[in-house]
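Chemist: coords please:
(one chain, ligands or ions: 2)
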Amino acid sequence: MQQRKLAFIGAGNMSRSIISGLIHSGYDSAHILASNPTAPRLEKLEEEFGIQTTVSNDDACAFADAIVLSVKPQVMGDMCKALRENNDLEGKLFISIAAGLPVSRLKEMLGGDYPVVRVMPNTPSLLGKGMSGLYADESISDEDRQYVEDMMNGVGETVWAEKEDDINGVIAAAGSSPAYFFLFLQAMQEEAMNMGFDKEAARLMVQQAMLGAAEMVCNNPDLELSELRAQVTSKGGTTAAAVNTLIDEGLSDIVAKAMRAAVDRAEEMAKQL
Ligand SMILES: NC(=O)C1=CN([C@@H]2O[C@H](COP(=O)(O)OP(=O)(O)OC[C@H]3O[C@@H](n4cnc5c(N)ncnc54)[C@H](O)[C@@H]3O)[C@@H](O)[C@H]2O)C=CC1
Ligand SMILES: O=C(O)[C@@H]1CCC=N1
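Modeler: Ligands and ions are numbered 1, 2, ... in the order given. Presented below is the predicted three-dimensional model:
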């Protein structure tokens, strides 16, 4: 992997996840810096990962060859305005992980035709189990594409989006989706508690079932998901009773609606911001 000087502007949940994955995959900690207006988050990152930190985005900009824009979409405009007013941005590669902000809008915010690659990661990057969608327009060099791909492969799996709009599909399927699974598990944990298990036992059961199911999916790439389900489901048995309830109550429609809502929100943000 090219060991460029890499700065994260905005040291929140997602930056922490990517930084953790990068350090564990061998990226030199001396080549990573994070900036954030509040010190406690920075101190934690320094302690945990041995990276450099600063409260000054300008210092981060001066340090970096590549800059990950990882503030909330709603503050991106103001942050970029200050960055372009105080710094020479020529020669920097920008990597935006923000939902709903197209490359064209990011270039306007940065005030020039600088190279911008969009990455849509997710928080399991923290454990090297991330899933990221990548998008670069034709102006981005092969070297820059390779750098971003290697960087995100260091924290999980990657897919390239052919069109920029596909990034919104990545948000629905992977960026936001860890939260869907957490919600599903939470509902299962609550019902297990209603059945009399204490909180810890209820959590252990549902998390271990999820882990086992996820590993079965990953270890059997040639088996359809429906086949894996069939292997658990005895005719006339308990799983059939549960699964048929989920189907009859419209789980597929609910999931489709939820994923569509994520895409709609990303499109709405693109118009508003
Ligand atoms: N959390 C997630 O699962 C994912 C988040 N994203 C994107 O990542 C970006 C960051 O999201 P999170 O890490 O979840 O948010 P977060 O709120 O945890 O982190 C944002 C950080 O930016 C800092 N910040 C605010 N204003 C700043 C400024 N002017 N300069 C420097 N830092 C500033 C905040 O103090 C905070 O620490 C968002 O654009 C989001 O769309 C993308 C994929 C997944
Ligand atoms: O909720 C959000 O907007 C961000 C983007 C994907 C995950 N978190």
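
Chemist: and the helices in the stretch 151-273 of the chain, which stretches?
Modeler: 166-170, 177-194, 199-219, 225-232, 238-248, 251-272 (DSSP state H, counting those that start in this stretch).

Chemist: need the winner for burial among these.
Modeler: helix 166-170 (a mean of 22; mean count of other C-beta atoms under 10 Å). C-betas here are computed from N, CA, C, even on glycine.

Chemist: quick one: it near ligand 1?
Modeler: No - in terms of C-beta under 6 Å from any ligand atom, no part of helix 166-170 sits within range of ligand 1; the closest distance is 9.1 Å.

Chemist: contacts for that helix next, please.
Modeler: The contact list for helix 166-170, computed with C-beta atoms under 8 Å, 6 or more residues apart in numbering, reads 100, 118, 120, 132-133, 135, 159, 161, 262-263, 266-267.

Chemist: what does this protein put close to ligand 2?
Modeler: Checking the chain against ligand 2 by C-beta under 6 Å from any ligand atom, the hits are 99, 171, 175-176.

Chemist: near ligand 1, which residues of the stretch 151-273 of the chain?
Modeler: The stretch 151-273 of the chain has residues residue 175 near ligand 1, with proximity defined as C-beta under 6 Å from any ligand atom.

Chemist: from residue 29, how far off is residue 116?
Modeler: To residue 29, residue 116 is 26 Å away according to C-beta to C-beta, to the nearest Å.

Chemist: who has more neighbours out of the two?
Modeler: residue 116 (27 against 14; other C-beta atoms under 10 Å).

Chemist: can you pull the pLDDT of the residue lying farthest from the centre of the chain?
Modeler: Centroid-distance maximum for the chain: residue 236 at 40.1 Å, with C-alpha atoms, centre = their mean. In this model, residue 236 is scored at 95, pLDDT.

Chemist: check contacts around the residue in the chain that ligand 1 sits nearest to.
Modeler: Nearest residue of the chain to ligand 1 (C-beta to the nearest ligand atom) works out as residue 12 at 1.7 Å. By C-beta under 8 Å, 6+ apart, the residues touching residue 12 are 36, 41, 70-72.

Chemist: let's see if you can find the most crowded of these.
Modeler: residue 70 (28 neighbours).

Chemist: check what pLDDT it gets.
Modeler: 97.

Chemist: so it touches residue 15, yeah?
Modeler: Yes - look at residue 70 against residue 15 with C-beta atoms under 8 Å: they come within range, at 4.6 Å.

Chemist: intersection of neighbour lists for the two?
Modeler: Residues within reach of residue 70 and of residue 15 at once, by C-beta under 8 Å, 6+ apart, are residue 8.

Chemist: now residue 176: how far from residue 196?
Modeler: Distance, residue 176 to residue 196, by C-beta to C-beta: 33 Å.

Chemist: so those two - more neighbours on which side?
Modeler: Per other C-beta under 10 Å, whichever of residue 176 and residue 196 has more neighbours is residue 176, with 20 against 8.

Chemist: related to what we said a few turns ago, okay, the contacts of residue 12 in TSV with secondary structure next?
Modeler: Putting those into TSV (DSSP: H, G, I helix; E, B strand; the rest coil) gives the following:
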residue	secondary structure
36	coil
41	helix
70	coil
71	coil
72	coil
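
Chemist: and residue 143, what does it touch?
Modeler: Applying C-beta under 8 Å, 6+ apart to residue 143 gives the contacts residue 2.

Chemist: helices of the stretch 1-150 of the chain, start to end?
Modeler: Taking DSSP H, counting those that start in this stretch as the criterion, the stretch 1-150 of the chain contains helices spanning 13-24, 39-49, 57-63, 73-86, 103-110, 142-153.
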